[in-house]
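Peer 1: model the structure of this input:
(one chain, ligands or ions: 1)
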Amino acid sequence: MNILYIIAMQAEAQPFIEHYGVEEVKDFFIPLPCKLYRTTITGKDGKESILNVVLNGQQHGSDLVGCEAASVATLSAIERLHPDIVVNSGTCGAFLENGASIAQVYIGNACMFHDRRVPGDDQWGTQALGNYPVWTGAQELAKELGLPMGKITTGSSLDMQPCDLQIIKENHGELKDMEGAAVAFVCSLLNTPILFVKSVTDLCDSGAETFEEFSRNLALASHALKEANVRVIDYLCNL
Ligand code: ADE
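Peer 2: Reported below is the predicted structural model:
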């Protein structure tokens, strides 16, 4: 099994990178800022799997987040690393009214964009929302690992405008992020299965200021993400 993780922020990936002791493959993506970490993992039957962890890298002195950077990293990484599966892992916002809590880890069961408002006929509307397929084994994995599932909606902003919330609610979105649907878009073009593993840093309906809540919970949520991803990798490597 050749596994490719796409993770936006170094802080989200660091506990995971340290757990596996994955080595950085320096300058692999030059001239792109993306970073590759790579190691091999031996499964229960002695079969070797490859674990690739790709980060978007930095620009303007901060980690690149959002759809553009995620699309560039995913496209380049799939073309060069030929994974069997892409795992988009990271943090997200969620909703108290759905019973979410900080550092809860979810497996995505669907994904779409919530901030692409294109008027016109059904085709333009369908393209705008995306609704890309997720890996058919996601439900079985979530059941086996005892993790809840949720629908991911992706937008280009950390905050949430009323028009975003309207689309999220109309489409029963549960996990709000900035990369998921963009990664899934590229996977849909390149016929590569996608799995989402997302940990909650903030509750969009808590009334708290989102960036403050996100920053306060980032380390805790990233630790929970690592714990879940170790189990996800163990599952995938022994399929
Ligand atoms: N990542 C973590 N929290 C988020 C939020 N509320 N919206 C978008 N992306 C996020």
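Peer 1: CA atoms for contacts and neighbours, from now on please.
Peer 2: Will do.
Peer 1: max-length helix in the chain?
Peer 2: Using DSSP state H, we find that the single longest helix of the chain is helix 210-237.
Peer 1: show me what that one is packed against.
Peer 2: For helix 210-237, the packing partners by 3 or more CA pairs under 8 Å, 6 or more residues apart in numbering; DSSP states H and E come out as helix 10-20, strand 85-94, strand 105-113, helix 138-145, strand 194-203.
Peer 1: so which bits of the protein are right by the ligand?
Peer 2: Neighbours of the ligand within the chain, by CA under 6 Å from any ligand atom: 91-93, 158, 176-178, 201-202, 204, 214.
Peer 1: name the residues of stretch 149-163 that are buried.
Peer 2: Buried residues in stretch 149-163, counted by 16 or more other CA atoms under 10 Å: 149-156, 158, 160.
Peer 1: now stretch 23-32
Peer 2: For stretch 23-32, burial by neighbour count (16+ other CA under 10 Å) applies to 24, 29.
Peer 1: what's that stretch in contact with?
Peer 2: 35-39, 76 (CA atoms under 8 Å, 6 or more residues apart in numbering).
Peer 1: counting neighbours, which of these comes out on top?
Peer 2: Tallying neighbours with other CA atoms under 10 Å puts residue 36 at the head of these, with 24 neighbours.
Peer 1: for it, give its distance to the ligand.
Peer 2: 22 Å (CA to the nearest ligand atom, to the nearest Å).
Peer 1: tell me the strands beside the lowest-mean-pLDDT helix or strand in the chain, with direction?
Peer 2: Lowest by mean pLDDT, DSSP states H and E among the helices and strands of the chain is strand 23-24, with a mean of 90. Each strand that pairs with strand 23-24, with its direction, by DSSP bridges: strand 35-42 (antiparallel).
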